[in-house]
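Enquirer: what's the 3D shape of this:
(2 chains)
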Protein chains: 2
Amino acid sequence: MEKMKLALLYADFKSDIDIIEKELIQALNSSSHMLNEASVHLVQAGGKRIRPVFVLLCAKFGQYDIHRLKHVATPLELVHMASLVHDDVIDDSNMRRGQYTVKAQWNNRVAMYTGDFIFARALQSLAHIENPLVHQVLAHTMVELCNGEVIQIEDKFQLNQNLKTYFRRIKRKTALLIESSCYMGALAAGVNKKDAIHLKRFGYFIGMSFQIIDDILDFTATDKELGKPAGSDLLNGNITLPVILMQHDRRIHEYVEKIQAGVLTEAERQNMLTLVRNSPAIDEAQRVSELYLQKALREIDQLPKHPMKRKLRDIAMFISKRDF
Amino acid sequence: MEKMKLALLYADFKSDIDIIEKELIQALNSSSHMLNEASVHLVQAGGKRIRPVFVLLCAKFGQYDIHRLKHVATPLELVHMASLVHDDVIDDSNMRRGQYTVKAQWNNRVAMYTGDFIFARALQSLAHIENPLVHQVLAHTMVELCNGEVIQIEDKFQLNQNLKTYFRRIKRKTALLIESSCYMGALAAGVNKKDAIHLKRFGYFIGMSFQIIDDILDFTATDKELGKPAGSDLLNGNITLPVILMQHDRRIHEYVEKIQAGVLTEAERQNMLTLVRNSPAIDEAQRVSELYLQKALREIDQLPKHPMKRKLRDIAMFISKRDF
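Expert: Reported below is the predicted structural model:
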């Protein structure tokens, strides 16, 4: 049901998303054969293009010009891609969305420079936009992304972290970039300040909800649906909401110790997944995500009457209800 | 002699360089303890701050406002620092021939995000500048820097590369960022188009000269002067001008094969250094650097009469004659 609505939503924007897709391909073109292969591979791997879609949706509340907006949507998707490439170096991930990562196909060095190259391309695209506020928003988001990544390294395997630590981490890791997609889309379309702030806050809340669902799915979805082993977050030492909500359970501590010692067997991974999946922590985490969804919907309510409000609601509902 | 002139030159700009130094420290401040330590260390390590000095010098040909210019000089120095941090990751992993120890991996991960963080801070500082051309110039330079880095990986240990390959690589690796320092300084100060182009070209030529001298010094200076083993470039597989000019010598091929196989002894490194130092290739490389210096000086000649012309000449001469 929700999936159908999303398909309809994307259908409305299909020709504009195609323009952005072309921009992405063009942006990743390089004179280095190795960079070219590594990058083109990334575009082809696809993705939901959620950040560009939010840019376009939010820009509809102002003066919508795709040839201006593409220079906001493309950089945001590129920054997202670059951060994934650098993430894979860190997590030592060989698979993402069922495809080999840049790091796995080449090596960490190439992955590092591929990420740098994509960041630089993002700036090149954004350089078409004159509004300094737009530049400030993206730069701030990138600073916080890096802070988030380093804090994630510092927090690895820390089972006894509190919820505040987790929320601050996913804010930096995910929510800020979605917030910025909404806000920069609004700014680039000249949306009035009040509405731009509602759209910004909407993006923040939906970004939080999105990441919590992502963290739940990492346990509840199958290896095939994820395109990587279920439980990867925990296997990499990243303590997410379901696990934090199970802190009282001795068994989860034992699994984490085994992971950290590098001695967890495949059978134990399966048992660990069963433990988490059957724990009330999954439902609790889902309720937290739902709270953020409600906050996001309340921001939409405060926007003036506009046909796009319904679309924003649809995408928000889809993101928070998705099961893959 | 030249060093004295340089000291005088820096003395003229001392209070303004102090302002930039403060901006650098502020820019590298982070909420992550680990990022803070890694970054502060970098500022304290110092450096000649050549890029900021070029920004300031070239801006003197227009309307000089340090509180505007600091948002050009700081990002350029930060981009330079970030690229050094990422370079170190690469060269470190090379010495280990792709094998990471756990400790090295931890350091490399932190180094990667430290670099990303510094890049992001550069953009945050630059976001104060409204002129889109300034953003385009830096973004283009960053793209080419990455291209250069990846091509350097592709060209590693390729002893039979031609001069064109080498020049294109050092252009991307060094000359473009110095060119951009001069050009962006001029643009930010509203220097007229014709003079801005002369300053830009001056920056390019002096950047080429600078890198060639750097590549010579890597062989001719002592380990102590360099702060790393002499011959490091070649030990890391980077084929530079002196080595390219020795292509006909069988002995250099033998050393490179040993380096690549990881079997070069310390005694052999010393013999290799003696071989290169006594080769006519050093003088030839110096002559190439001198040609670029002359081209740089000719660009200065074409600028209108201005007290700063002399200073530009001084710094150009210093850079191309330096022996450390």
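Enquirer: what sits against A:P229?
Expert: A:D223, A:L235, A:R269 (Cβ atoms under 8 Å, 6 or more residues apart in numbering or on different chains). Where C-beta positions appear, they are placed from N, C-alpha and C, glycine not excepted.
Enquirer: Now render the residues you listed as a markdown table, adding pLDDT.
Expert: Listed next are those as a markdown table, based on pLDDT from 0 to 100:
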| residue | pLDDT |
| --- | --- |
| A:D223 | 91 |
| A:L235 | 94 |
| A:R269 | 95 |
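Enquirer: Just the buried subset of those residues, please.
Expert: Neighbour-count burial (16 or more other Cβ atoms under 10 Å in any protein chain shown) is assigned, among the contacts of A:P229, to A:L235, A:R269.
Enquirer: Which of the contacts of A:P229 sits closest to chain B?
Expert: The nearest member of the contacts of A:P229 to chain B, counting by Cβ to the nearest Cβ, is A:L235 at 16.2 Å.
Enquirer: mind checking how far that closest one is from A:Q270?
Expert: 12 Å (Cβ to Cβ, to the nearest Å).
Enquirer: Per-residue pLDDT of the residue of the stretch 151-300 of chain A found nearest chain B, please?
Expert: Of all residues in the stretch 151-300 of chain A, the one sitting closest to chain B is A:I151 (5.5 Å; Cβ to the nearest Cβ). Listed pLDDT for A:I151 reads 85.
Enquirer: so what's it up against?
Expert: A:R168, A:R169, A:R172, B:S31, B:S32.
Enquirer: Regarding it, what is its secondary structure?
Expert: Here A:I151 is recorded as helix under DSSP: H, G, I helix; E, B strand; the rest coil.
Enquirer: Hmm, A:S181 is touching A:R49, no?
Expert: No: A:S181 is beyond contact range of A:R49, at 10.5 Å (criterion: Cβ atoms under 8 Å).
Enquirer: Who has more neighbours out of those two?
Expert: The neighbour comparison of A:S181 against A:R49 (other Cβ atoms under 10 Å in any protein chain shown) goes to A:S181, with 32 against 20.
Enquirer: Give me the phi and psi angles of A:N29.
Expert: Note on A:N29: its backbone torsions stand at phi -70, psi 130 [degrees, to the nearest 10].
Enquirer: A:V43 is in contact with that one, correct?
Expert: No: the pair A:N29 / A:V43 is not scored as a contact, 10.3 Å apart, by Cβ under 8 Å.
Enquirer: who touches stretch A:209-219?
Expert: A:50, A:170, A:173-175, A:178, A:225-226, A:230-234, A:240-242, A:273, A:276-277, A:282, A:285-286, A:288-290, A:292-293, A:296, A:316, A:319-320, A:322-324.
Enquirer: Check the gap between the closest residue to A:I178 other than its chain neighbours and A:D323 for me.
Expert: With sequence-adjacent residues excluded and distances taken as Cβ to Cβ, 6 or more residues apart in numbering or on different chains, A:I178 is closest to A:G207, at 3.4 Å. A:G207 is 19 Å from A:D323, where distance means Cβ to Cβ.
Enquirer: And these two? Which one has more around it.
Expert: The residue with more neighbours, out of A:G207 and A:D323, is A:G207; 28 against 11, by other Cβ under 10 Å.
Enquirer: give me phi/psi at the more buried one?
Expert: Dihedral angles (degrees, to the nearest 10) for A:G207: phi -60, psi -40.
Enquirer: which residues does the residue located most distally from the centre of chain A contact?
Expert: Relative to the mean C-alpha coordinate of chain A, counting by Cα atoms, centre = their mean, the farthest residue is A:R250 (31.1 Å). With contact set as Cβ under 8 Å, 6+ apart, A:R250 has no partners.
Enquirer: again, but for A:P242
Expert: A:P242 is in contact with A:D215, A:I216, A:F219, A:V276, A:S279, A:A281, A:I282, A:A285, counting by Cβ under 8 Å, 6+ apart.
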